[in-house]
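Visitor: Sequence plus the predicted model coming up.
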Amino acid sequence: MSSAACPLPSVAPLSEHAVALHRLPDAAGPAQVLAQQRTLASEVPIALVFNGISHAVMLGTPQDLEDFALGFALSEGLIDSAADCFGIDVAPVAASAAGLPEGMDGMEVQIEISSRCFARLKDHRRSMSGRTGCGICGGGSFAA
């Protein structure tokens, strides 16, 4: 992906949004709709790429993604210990570059793992998509 052709997005973990708070009528008074500002966590597609091969996409808050990726690799049995992970790089990905809907910028997490663990990963490729929700979780890549 060339950042000159597609500028990298800014994916903030938290953002401010105007919301309408609906209060039902009670003994104290009638129903009300109150306008408020709320801080909400962002939820973006996060692609986990092991040794250059996209493995899974999850929705999550784009914060502490190095920890998320290491925990994922350990809990999925992709690596045996943190020592099997040689490096983790995180970069934003523009929606247009990832084939995502406009305005849905994502994050890509590149994880470099030992050749022994990578061989095992290639033998047992993930083939289960998320059963509920938006359908992005568990996909093998942004495009999928």
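Guide: Okay, I see it.

Visitor: CA atoms for contacts and neighbours, from now on please.
Guide: Fine.

Visitor: Alpha carbons of the lowest-mean-pLDDT helix or strand in the chain, in CSV - could you do that?
Guide: In the chain, no helix or strand scores lower on mean pLDDT, DSSP states H and E than helix 95-98, which sits at a mean of 84. In CSV, the C-alpha atoms belonging to helix 95-98 read as follows (Å, rounded to 0.1, in the frame of the first residue of the first chain):
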residue,chain,number,x,y,z
ALA,A,95,-10.8,2.2,4.1
SER,A,96,-10.2,2.6,0.4
ALA,A,97,-6.9,0.7,0.6
ALA,A,98,-8.5,-2.2,2.5
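
Visitor: Give the buried residues for that helix.
Guide: For helix 95-98, a neighbour-count test (16 or more other CA atoms under 10 Å) marks 95, 97-98 as buried.

Visitor: ok, now stretch 64-75?
Guide: Neighbour counts using 16+ other CA under 10 Å place 65-66, 69-70, 73-74 of stretch 64-75 among the buried residues.

Visitor: which residue is nearest the centroid of the protein?
Guide: Central residue of the chain (CA atoms, centre = their mean): residue 46, 2.5 Å from the mean position.

Visitor: Which strand residues bridge that residue?
Guide: Note on residue 46: beta-bridge partners by DSSP bridges are residue 58, residue 107.

Visitor: on that earlier part again, go through the buried residues of stretch 64-75 and say which is closest to residue 102.
Guide: Residue 102 lies nearest to residue 65 out of the buried residues of stretch 64-75, by CA to CA, at 22.7 Å.
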